[in-house]
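> Return a 3D structure for these sequence lines:
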Amino acid sequence: MNRLLLHSVLLSAVLFVAGGAASNFASDEDPAKSVESQIRMTLEAQVTAWNNGDIAGFMDGYVRGDSLRFASGGTVQRGWQKTLERYQSRYSTREQMGTLTFSDLEFAEISADYSEVFGKFHLARDKSVGDASGLFTLLMKREGQRWLVLHDHTSAAD
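Below is the predicted model:
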């Protein structure tokens, strides 16, 4: 009887420790994956909107307001509305917009509310317009349950 009780106590202790380790593992892993997956959802929604010719939908991935900063081609654009107007001016036709892809994405969580994304973009476009590609660094900001672009620094390849 004592032997059965000892085995039961040991088994309970092992299961308790294993269960605690498993729950610690899950809590350690889920937040980082959650941040990356939430940011990926924003970026995927932007790609989908862009490839549907929807620049305003693409801009839904950016912070609305004057705190947005977009730097590219030696110029800095501030504010959501001005950035939207810049995109609409530069990509006024579907041929200019082409098909957007992001690749080689790297994620770095800075804090609970800020994260950095580095990657490559490629616009596959008609030969008459020519493809475009380059690098970007995004400072993402958590707003509620969404991650939005606060600062975008994009550089085109030569």
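> Tell me, please, where in this protein the pLDDT is lower than the cut-off.
1-33 (pLDDT under 70).
> Do you have the helices of it handy? List them.
Ranges of helices in the chain, per DSSP state H, are 2-51, 55-59, 80-90, 94-97.
> Report all helices and strands that the last one contacts.
In this structure, helix 94-97 makes packing contacts with no helix or strand, judged by 3 or more C-beta pairs under 8 Å, 6 or more residues apart in numbering; DSSP states H and E. C-beta coordinates here come from the backbone N, C-alpha and C atoms, glycine included.
> Buried residues in that helix, which are they?
Met97 (16 or more other C-beta atoms under 10 Å).
> chain center to it, what's the gap?
23 Å (C-alpha atoms, centre = their mean, to the nearest Å).
> Same question for stretch 70-86.
Offset of stretch 70-86 from its chain centre (C-alpha atoms, centre = their mean): 19 Å.
> Using neighbour counts, pick out the buried residues of it.
Buried positions in stretch 70-86, judged by neighbour count with 16+ other C-beta under 10 Å: Phe70, Ser72, Gln77, Gly79, Trp80, Thr83, Leu84.
> Outside of that stretch itself, list whatever touches it.
Stretch 70-86 has contacts (C-beta atoms under 8 Å, 6 or more residues apart in numbering) with 55-56, 59, 62-66, 68-69, 151-156.
> what do you get for stretch 42-58?
60-61, 84, 87-88, 91, 94, 97, 99-102, 105, 117, 140, 146-149.
> Might you calculate how far that stretch sits from the centre of the chain?
Centre-to-centre, stretch 42-58 and its host chain are 13 Å apart (C-alpha atoms, centre = their mean).
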